[in-house]
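**Q** The sequence and its predicted three-dimensional model are supplied below.
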Amino acid sequence: MADDLPEGYYLDNFTFLLDFVSRRYSDLLSENEKQFHASFQALSPDSRKLFVRLTNRKGPYFRVDKLNYPEVASLGVEIRALVAASFILPTIPDLDAAIKICSKADLLRLEACADFPQSTKKQVLADYLSSGQVNPVHELTIEVVELAWAEELTVFKLLFFGNFHQDMTAFVMHELVAPFEQYEIDGNTGLFQRREVIDELIVLQSLSDVSKQLMETEGCGLDLLQLVDKLPARNMEPVLSRRFDRIVNRIGRYLERADMIEEAVSVYCRAQATPARERQARILDRLGDPQAAMAFCESIIETPLSEEELEFAQRFGHRLAKKHQLKSGPEFNLPVQTIEQTIIQVACVDSSVELCARTYYQNLGYESYYVENSLMRSLFGLCFWDIIYAPVSGAFFNPFQRSPIDLYTPDFVDSRRVLIAGRFKALEKNGPRDLAMAIYRAKIGITNPFVNWMYVDEQLLEAALVKIPVQDLIRIFERLLIDLKNNSSGFPDLIVFDQNSYRMVEIKGPGDKLQKNQARWFRYFQEQAIPAAVVNVEYLEVGT
């Protein structure tokens, strides 16, 4: 991979990130963060290269004897320069970290481990050293440095990417793997408008990391409850409220599974995102308070956050009313639809039941593809490509976004309602084929949150765009747009074409049942008269 990148690419990318953030968010940066940027610029080119190399490695501790960067002319000189400039700090790591950065061979060189045979596992040596509080870095005088400016660097990356999961590899992905779409960045609007939001987001991320670490330890329920009390009050700022709710719901679910259900209710009540209300309703019923559980179902039906949550409230509320003789209205009666299912007998020609079924249809003369969610999502992504990347204020704030920041929120449709309505009219009038194929050929390989380039090719697209009626595609796109996050999955496994028509087919092996999101799509297919079928597979006996 490195051979395909220009020399010094990582330094250029890092410099671009710092300069971009400093221009856009100058009013939000602290004096320390501004000093970090200025001090970095003052370093020699080789010192900057070495520092950036270290920031891209897993730290925070680095053994000097393990550093090897041929592009840095004099490694020793640059290490001393970074120490002098306080970009790296000489240190002796804590015991656990010190053992981790040492090899087994290092540990066996210790006087304390002299009696252990060479075949001893490193973990045995580590346990022994831990019990005796022997720090191998100190004993072996291994030179170790620690990366400085970590907090400041976290802020710069957060302001640039808008999240904690992207890092500098996004630049490489753009260059070599899947380039990002070229879109207009709003020069007047950044993702963050207030410094308080940045600081609180970093606090929430830290607490989220701690909660995940705690969950790896048995009996951590009380520690998690204490952590919940350390959370800041739920902020109405969307980026903060979403992260707060994810942490709370995760902890609540853990407590449920640990049979701390009363404590789980006390945690869930702090969140507003799904599935907090569902979980509370279920737990309250378990605790013998069906009236309170029914109240949650009623609140969901009044203001559902998703189709899935509404369906739960209808089903569970109906069950509560019947079981406990509670009064309920017609809104609790979920329409019952029978989804027709057929059986086919197939030869076991592959480990995948779906591929066996695809071969079965191909042997009958049908054109058959294993597509799962990829085809309909890709057709949507192609037909709405320009609308997804439309220059909506605040939607794009850096060059490495797979999608607009509001894609999976109600704001996406609200902010583009006129564009979306116009696209549906154009599809009804002209059909999708010319538009979708033109976009496919112009954009092939470019990152799009809906288009799966590994699964779709011209042959599949041509068959789909010619043989699927325009109205069927429009109805599918309409439901996708109701809830792009949750409705983007649940499509049938196969699409089967004959000469002039098509059918989507969900394949179920022995014992498999429709998942809830699949059942919702099938109910919609029935309502809209969209051809789809559930097919149960039975394997032919060998020799049949």
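**A** Looks like it came in fine.
**Q** going forward, measure contacts between C-alpha atoms and count neighbours the same way
**A** Will do.
**Q** count of residues packed around residue 352?
**A** 11 (other Cα atoms under 10 Å).
**Q** Tell me how far it lies from residue 29.
**A** 53 Å (Cα to Cα, to the nearest Å).
**Q** To what extent is residue 444 buried, counted in neighbours?
**A** By the measure other Cα under 10 Å, the count of residues near residue 444 is 15.
**Q** Repeat that for the one 5 residues further on.
**A** Neighbouring residues of residue 449 were enumerated by other Cα under 10 Å; the total is 15.
**Q** secondary structure element for it?
**A** If you go by DSSP states H and E, residue 449 is not part of any helix or strand.
**Q** Tell me where the stretch 401-544 of the chain has helices.
**A** In the stretch 401-544 of the chain, the helices defined using DSSP state H, counting those that start in this stretch lie at 410-415, 417-430, 433-443, 458-467, 470-482, 516-527.
**Q** quick check: mean pLDDT across the first one?
**A** Read that as helix 410-415. Average pLDDT, helix 410-415: 93.
**Q** Return the set of buried residues in it.
**A** Neighbour-count burial for helix 410-415 flags 412, 413 (criterion: 16 or more other Cα atoms under 10 Å).
**Q** Just the C-alphas of that helix, formatted as CSV.
**A** The C-alpha trace of helix 410-415 is given here as CSV (Å, rounded to 0.1, in the frame of the first residue of the first chain):
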residue,chain,number,x,y,z
PRO,A,410,-35.9,13.1,10.2
ASP,A,411,-34.1,16.3,9.1
PHE,A,412,-32.7,14.5,6.1
VAL,A,413,-36.2,14.2,4.4
ASP,A,414,-37.4,17.5,5.9
SER,A,415,-34.4,19.5,4.5
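**Q** And for that helix, what's in contact with it?
**A** 392, 406, 420, 481, 483 (Cα atoms under 8 Å, 6 or more residues apart in numbering).
**Q** again, only this time at 7 Å
**A** By Cα atoms under 7 Å, 6 or more residues apart in numbering, the surrounding residues in contact with helix 410-415 are residue 406.
**Q** Next: the fifth one.
**A** Identification of contacts with helix 470-482 by Cα under 7 Å, 6+ apart yields 380, 428, 431, 487, 488, 530.
**Q** could you redo those residues as JSON lines and give each row pLDDT?
**A** Output for the contacts of helix 470-482, formatted as JSON lines (pLDDT from 0 to 100):
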{"residue": "380", "pLDDT": "98"}
{"residue": "428", "pLDDT": "97"}
{"residue": "431", "pLDDT": "95"}
{"residue": "487", "pLDDT": "95"}
{"residue": "488", "pLDDT": "96"}
{"residue": "530", "pLDDT": "96"}
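**Q** Name the nearest of those relative to residue 189.
**A** Within the contacts of helix 470-482, the smallest distance to residue 189 is 28.0 Å, found for residue 380 (Cα to Cα).
**Q** just checking, what packs against whichever strand or helix holds the closest one?
**A** Residue 380 belongs to helix 374-383 when assigned by DSSP H and E. For helix 374-383, the packing partners by 3 or more Cα pairs under 7 Å, 6 or more residues apart in numbering; DSSP states H and E come out as helix 433-443.
**Q** What sits closest to residue 103 if chain neighbours are left out?
**A** Distances taken as Cα to Cα, 6 or more residues apart in numbering place residue 122 nearest to residue 103, at 7.8 Å, with adjacent residues excluded.
**Q** Could you measure from the one you found over to residue 129?
**A** 10 Å.
**Q** same deal with residue 32?
**A** From residue 32 to residue 129 the distance is 39 Å (Cα to Cα).
**Q** Can you give me the neighbour number for residue 421?
**A** Other residues within reach of residue 421, judged by other Cα under 10 Å, total 11.
**Q** Now the least confident helix or strand in the chain by mean pLDDT - C-alpha only, CSV.
**A** Least confident helix or strand of the chain, by mean pLDDT, DSSP states H and E, is helix 169-172 with a mean of 85. This file holds the C-alpha atoms of helix 169-172, laid out as CSV (Å, rounded to 0.1, in the frame of the first residue of the first chain):
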residue,chain,number,x,y,z
THR,A,169,-6.8,6.0,7.7
ALA,A,170,-9.7,7.9,6.2
PHE,A,171,-7.2,9.7,4.0
VAL,A,172,-5.6,6.5,2.8
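**Q** Following that helix in sequence, what is the next regular element?
**A** Counting by DSSP H and E, what follows helix 169-172 is helix 195-214.
**Q** need the next SSE after that next one, C-terminal direction.
**A** Defined by DSSP H and E, the subsequent element after helix 195-214 is helix 221-230.
**Q** Which elements pack onto whatever helix or strand comes next after that following helix?
**A** Using DSSP H and E, the next helix or strand after helix 221-230 towards the C-terminus is helix 238-257. When contacts are defined as 3+ Cα pairs under 7 Å, 6+ apart, helix 238-257 packs onto helix 195-214, helix 261-268.
**Q** could I get the ones you listed as CSV with mean neighbour count and mean pLDDT?
**A** Listed next are the helices and strands packed on helix 238-257 as CSV, based on neighbours: other Cα atoms under 10 Å; pLDDT from 0 to 100:
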stretch, mean neighbour count, mean pLDDT
helix 195-214, 15, 97
helix 261-268, 20, 97
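**Q** would TSV of these with distance to residue 310 be doable?
**A** What follows is the helices and strands packed on helix 238-257, written out as TSV (distance: least, Cα to Cα, whole Å):
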stretch	distance to residue 310
helix 195-214	28
helix 261-268	18
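**Q** three-state assignment of the most centrally placed residue in the chain?
**A** Nearest to the mean C-alpha position of the chain, by Cα atoms, centre = their mean, lies residue 165 at 8.5 Å. Assigned state for residue 165: coil (three-state reduction, DSSP: H, G, I helix; E, B strand; the rest coil).
**Q** hang on, the earlier thing: show me which of the contacts of helix 470-482 is closest to residue 305.
**A** Using Cα to Cα, the contacts of helix 470-482 come closest to residue 305 at residue 487, 13.2 Å.
**Q** List the contacts of that closest one.
**A** Counting by Cα under 7 Å, 6+ apart, residue 487 makes contact with residue 480.
**Q** do that again at 8 Å, thanks
**A** So residue 487 contacts 479, 480, 517 (Cα under 8 Å, 6+ apart).
**Q** And the buried ones among the residues you listed, selectable in ChimeraX?
**A** Buried members of these can be picked out in ChimeraX with the line below, counting by 16+ other Cα under 10 Å:
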select :480,517
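**Q** Tell me how the chain divides into domains.
**A** Here the domain parsing of the chain from automatic domain parsing is 2-102+142-163, 195-332, 341-539.
**Q** Which of these sits closest to residue 183?
**A** domain 341-539 (6.2 Å).
**Q** end-to-end on that closest one?
**A** Domain 341-539: ends 17 Å apart by Cα to Cα.
**Q** just for this structure, where's the confidence low?
**A** 1-4, 175-177, 188, 334-336, 542-544 (pLDDT under 70).
**Q** Could you name the residue of it that is farthest from its center?
**A** Most peripheral residue of the chain (Cα atoms, centre = their mean): residue 115, 48.6 Å.
**Q** now the strands for the stretch 51-200 of the chain?
**A** 61-63, 88-90, 144-147 (DSSP state E, counting those that start in this stretch).
**Q** Let's have those in CSV, adding distance to residue 47.
**A** CSV is the format used below for these (distance: least, Cα to Cα, whole Å):
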stretch, distance to residue 47
strand 61-63, 16
strand 88-90, 11
strand 144-147, 13
